[in-house]
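Asker: the amino acid sequence is not available; the structure is as follows:
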């Protein structure tokens, strides 16, 4: 008996030693996710990884970039040791995704975009404001939650100092954002610094402290938050606003695209690769955009004829922009309720197209006031445990001018079955390693959301020709992005040239178009992801329909696209092709 027990101990010890010496691929994926989350704690919080809620990396610094380089090198070496022939199909996808991320991350480090850490569209200064509101991903349920964010807020003061320091380095090297964008940032910082401490956005959660926090802790936290906001955050916001207005903006560039920067052409090509997950050249994308704009313009002419409008297509754009029947709302709640009605309308038909549907709850909310003026409609994913719903944020800066002609397709894109289905199903899939559950590739994610806009007829929408025109307008908007983004960043287009091209080809208001063009100026390449991804998914669906004939099942196709989450488009194509081949036998 003792000999048998001794042998069993040796076997267990040998097994443990072997496990330590030769970690499995799943263990590698787990380690990759933990290291990646530690490098990106704000993203980790957004994805529901609560253990990072007190951390904030200062991502523009040289020391942080050295950490990134070390991370890429570590996992390059780890992947080189993996025997890919021993991996199943899902693991092979994980291997391919990880390899792609490492390669693209290394490429991004060759450029010095970190010298431009602030712009008006997104970034740490705006994310911190969203988290502080108490209505986002940062939890404020316990005393520990409040102390976590207090640590993050203290670190944010250091972030602000570093941002200014690296912007000054950018000024010295001529690596600065367009002046038009710099001037947009100034009121953001001023608005977040105005008023009393108790009215400040960073004090929001303190005003609504839960009953479970003791009276003593509540008093301590109120004093601590007030001190940090008054002594460290507000002064830095005021200083940043003054610095940008008086020093930075005058030193900023008049050009609109990053191609005008030192090394800008190479940086843009890397960003195109990052956002489209393809090797398409900017010129190829520009020409594709021109073809798509022409095709969609022809479709729009058909709607104009259908409603009996006799003028030109540009006059029809003006007609749609100004049509009072399309601006019926008098208070913001009516806009939110209209989206809820759209949800009710499609609900009976969703089962016909989707066998996979998420469990995560869903809400429509108005965008917070502090960022509403410059925000676009957007989706914010829910938490994996369902404690925080997926949220569709709608900016309503002036309800009397809110034109709802495109709201049906907007709901499909941002909510159901667009981002809410895709992101929630990905997070809920227990078969995926965590680094894939909480991941994002714009070409797949935005491509999927744009693809779902084309499902409106099948879901019971677009009965009104103006709503169908809204769908065409939204697709045209994404086609225009291919033209203007590449135009700005690789063909020396001006901001005004890009605005005029958009005004000539879509029905969005001039104010909306200006905000969009400035968005493309701020985040080059991101706008390309939508149409590139959509066209690939449409191509794959047509391929499956052609090859499978009457064996094609739309629910099964959608399951194939959705079940494994986001990935580079080449990997998605291989996955769907394997499915087609298996179904063909």
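Answerer: Yes, it's here. Predicted, not measured: the structure shown is a model, and the values here were computed from it.
Asker: residue 523 contacts residue 121, doesn't it?
Answerer: Yes: using CB atoms under 8 Å, residue 523 is in contact with residue 121, at 6.0 Å. Placement of C-beta: from N, CA and C, glycine included.
Asker: which one's more surrounded, the two?
Answerer: Legend: neighbour count by other CB atoms under 10 Å for residue 523 and residue 121, higher for residue 121 (20 against 15).
Asker: pretty sure residue 111 is touching residue 270, no?
Answerer: Yes: in this structure, residue 111 is within contact of residue 270 by CB under 8 Å, at 6.4 Å.
Asker: excluding sequence neighbours, find me the nearest residue to residue 157.
Answerer: residue 232 (4.0 Å; CB to CB, 6 or more residues apart in numbering).
Asker: number of nearby residues for that neighbour?
Answerer: Residue 232 has 17 nearby residues by other CB under 10 Å.
Asker: what about it, distance to residue 203?
Answerer: 13 Å (CB to CB, to the nearest Å).
Asker: do the same with residue 269
Answerer: The gap separating residue 269 from residue 203 is 44 Å, by CB to CB.
Asker: can you check residue 494 too?
Answerer: Using CB to CB, residue 494 is found at 41 Å from residue 203.
Asker: neighbour-wise, which of those two wins?
Answerer: Neighbours per residue, other CB under 10 Å: of residue 494 and residue 203, the larger number sits with residue 203, 21 against 15.
Asker: OK, contacts around the more buried one?
Answerer: Counting by CB atoms under 8 Å, 6 or more residues apart in numbering, residue 203 makes contact with 132, 197, 225, 226, 229.
Asker: and the furthest pair within these?
Answerer: Farthest apart among those by CB to CB are 132 and 226. That separation is 13.5 Å.
Asker: of these two, which one has the most company?
Answerer: residue 132 (27 against 17).
Asker: touching, that one and residue 207? I think so.
Answerer: No: with contact defined as CB under 8 Å, residue 132 does not count as touching residue 207 (11.1 Å).
Asker: would you map the helices across the stretch 351-500 of the chain?
Answerer: For the stretch 351-500 of the chain, the helices defined by DSSP state H, counting those that start in this stretch cover 369-372, 407-414, 419-428, 434-437, 442-453, 465-490, 495-505.
Asker: of those, which is nearest residue 396?
Answerer: Short answer: helix 369-372, nearest of those by CB to CB, at 7.2 Å.
Asker: now do the buried residues in that closest one.
Answerer: Neighbour-count burial for helix 369-372, counted by 16 or more other CB atoms under 10 Å, picks out 370, 371.
Asker: got phi/psi on residue 55?
Answerer: phi -100, psi 150 (degrees, to the nearest 10).
Asker: contacting residues around the nearest residue to it once chain neighbours are set aside?
Answerer: Nearest residue to residue 55, sequence neighbours excluded (CB to CB, 6+ apart): residue 41, at 3.8 Å. For residue 41, the contact set (CB under 8 Å, 6+ apart) comprises 52, 53, 55, 56, 57.
Asker: enumerate every residue touching residue 491.
Answerer: Here residue 491 is in contact with 257, 259, 282, 286 (CB under 8 Å, 6+ apart).
Asker: before we move on, back to that, hmm, which two among the contacts of residue 41 are most spread apart?
Answerer: Farthest pair in the contacts of residue 41 (CB to CB) is 53 and 57. Separation: 13.3 Å.
Asker: isn't residue 217 right up against residue 145?
Answerer: No: with contact defined as CB under 8 Å, residue 217 does not count as touching residue 145 (11.4 Å).
Asker: who's more crowded, the two?
Answerer: Each of residue 217 and residue 145 has its neighbours counted (other CB under 10 Å); residue 145 has more, 19 against 16.
Asker: ok, and that one, which helix or strand is that part of?
Answerer: Using DSSP states H and E, residue 145 sits in helix 143-173.
Asker: could you name the helices and strands sitting against that helix?
Answerer: helix 124-132, helix 204-207, helix 215-228, helix 234-243 (3 or more CB pairs under 8 Å, 6 or more residues apart in numbering; DSSP states H and E).
Asker: tilt between the helix or strand just after that helix and helix 124-132?
Answerer: Past helix 143-173, further along toward the C-terminus, the next helix or strand under DSSP H and E is helix 179-191. With axes from the mean of the first three to the mean of the last three CA atoms, to 10 degrees defining the directions, helix 179-191 sits at 30 degrees from helix 124-132.
Asker: can you give me how far helix 179-191 is from the chain middle?
Answerer: Here helix 179-191 is found 22 Å from its chain centre; the criterion is CA atoms, centre = their mean, to the nearest Å.
Asker: for it, give me every contacting residue.
Answerer: Here helix 179-191 makes contact (CB under 8 Å, 6+ apart) with 118-120, 125-126, 176, 237-238, 240-241, 244-245, 248-250, 252-254, 256, 370-371, 374, 495, 518, 521-522.
Asker: now list the buried members of those residues.
Answerer: 118-120, 125-126, 176, 237, 240-241, 244-245, 248-249, 252-253, 256, 370-371, 374, 495, 518, 521-522.
Asker: first-to-last residue distance for stretch 237-250?
Answerer: 19 Å (CA to CA, to the nearest Å).
Asker: show the average pLDDT along that stretch.
Answerer: Mean per-residue pLDDT for stretch 237-250: 97.
Asker: circling back to that earlier point, highest mean neighbour count out of the helices and strands packed on helix 143-173?
Answerer: A comparison of the helices and strands packed on helix 143-173 by mean neighbour count, using mean count of other CB atoms under 10 Å, puts helix 124-132 on top with a mean of 22.
Asker: what packs against that helix?
Answerer: helix 41-46, helix 143-173, helix 179-191, helix 369-372.
Asker: grab the nearest non-local neighbour of residue 67.
Answerer: Spatially, and ignoring its direct neighbours in sequence, residue 67 is nearest to residue 39 (6.3 Å; CB to CB, 6+ apart).
Asker: and the one you found, how close does it get to residue 32?
Answerer: Here residue 39 is placed at a distance of 11 Å from residue 32 (CB to CB).
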